[in-house]
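# Quick one, fold the following:
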Amino acid sequence: MIPVPDGLRHTWKPSVLRPREHHFRGTLGRFATGVAVVTFSTPDGRHGITVNSFTSVSLEPPLVLVSIAKSTQSHDLLHDRPFTVNILGAEQEEVARNFAGSLTGDPLWVDGEIAPRLSGVLAHLSCLPWAAYDGGDHTLYLGEVREFDYRPGDALGFVNSAFTVIPEHLLGHEALF
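Model (predicted):
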């Protein structure tokens, strides 16, 4: 592997997907994910961003990570702000589309103690900012989870550039304790 000088590391910005990048994106799209909306407040109001790049990082302390494209309109507003990861239920595709830019109406909000969240979601994790890392054309935001909850139900999924349903067949392992 050829090392990349620091001065060149962050200068590549494709304007369109070339065949190799298009194929790379398609390859990544074969990995099925859940769908979440990251919500937060600024002095000018509430904001949300649909994501499918969300993962747990640590149980102690409880940390989660969301990857936000730098080209996203709300990207810079999220920096150093508390946020909530809202994991969507199978019936909430319209909510996902709304925060992905296809405005379909005003969602129902819940004022959380840490950050606003969406009403009726499958699960939510409210976080204080922990760290932010450069991730190429994305920023990796880590949050320390302070509040969380979930409800039963099928999850909204995303695979091959399409929404799908991830059924809830069995109780989670938390029911064993």
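# In space, not sequence, find me the middle residue of this protein.
What sits nearest the mean C-alpha location of the chain, by CA atoms, centre = their mean, is Val51, with 3.3 Å.
# Contact partners for that one?
Applying CB atoms under 8 Å, 6 or more residues apart in numbering to Val51 gives the contacts Val35, Ala36, Val37, Val38, Val66, Ser67, Ile68. Every C-beta, even on glycine, is put in place using the N, C-alpha and C of the backbone.
# which one is the first one nearest to, not counting chain neighbours?
Among residues not flanking Val35 along the chain, Leu156 sits closest, at 4.5 Å (CB to CB, 6 or more residues apart in numbering).
# Tell me who's in contact with that neighbour.
Taking CB under 8 Å, 6+ apart, one finds 34-35, 88-93, 96, 122, 163-166 in contact with Leu156.
# His75 contacts Ile68, correct?
Yes - using CB atoms under 8 Å, His75 is in contact with Ile68, at 5.3 Å.
# These two: who's more crowded?
Neighbours were tallied for His75 and for Ile68 using other CB atoms under 10 Å; the higher tally belongs to Ile68 (22 against 15).
# just checking, the more buried one touches Val38?
Yes - at 7.1 Å, Ile68 and Val38 qualify as touching, with contact defined as CB under 8 Å.
# Need the overlap of contacts for those two.
With contacts taken as CB under 8 Å, 6+ apart, Ile68 and Val38 have Ile49, Val51, Leu78, Tyr141 as neighbours in common.
# Phi first, then psi, for the third one.
Geometry field for Leu78 lists phi and psi as phi -70, psi -20, criterion degrees, to the nearest 10.
# Just give the number of residues close to it.
By other CB under 10 Å, 22 other residues sit near Leu78.
# try Asp134
Applying other CB under 10 Å, we find 11 residues neighbouring Asp134.
# what about Asp154, distance to Gly89?
7 Å (CB to CB, to the nearest Å).
# Bridged to the residue nearest to Val35, which residues?
On the basis of DSSP bridges, Leu156 is bridged to Val165.
# quick one: it from Ile87, how far?
For Leu156, the distance to Ile87 - CB to CB - is 8 Å.
# wait, what's in contact with the residue nearest to Leu122 when sequence neighbours are not counted?
The spatially closest residue to Leu122, leaving aside those adjacent along the chain, is Gly89, at 4.1 Å (CB to CB, 6+ apart). Counting by CB under 8 Å, 6+ apart, Gly89 makes contact with Gly120, Val121, Leu122, Arg151, Gly153, Asp154, Ala155, Leu156.
# Separate out the buried members of those.
Neighbour counting over the contacts of Gly89 (16 or more other CB atoms under 10 Å) leaves Val121, Leu122, Gly153, Ala155, Leu156 as the buried ones.
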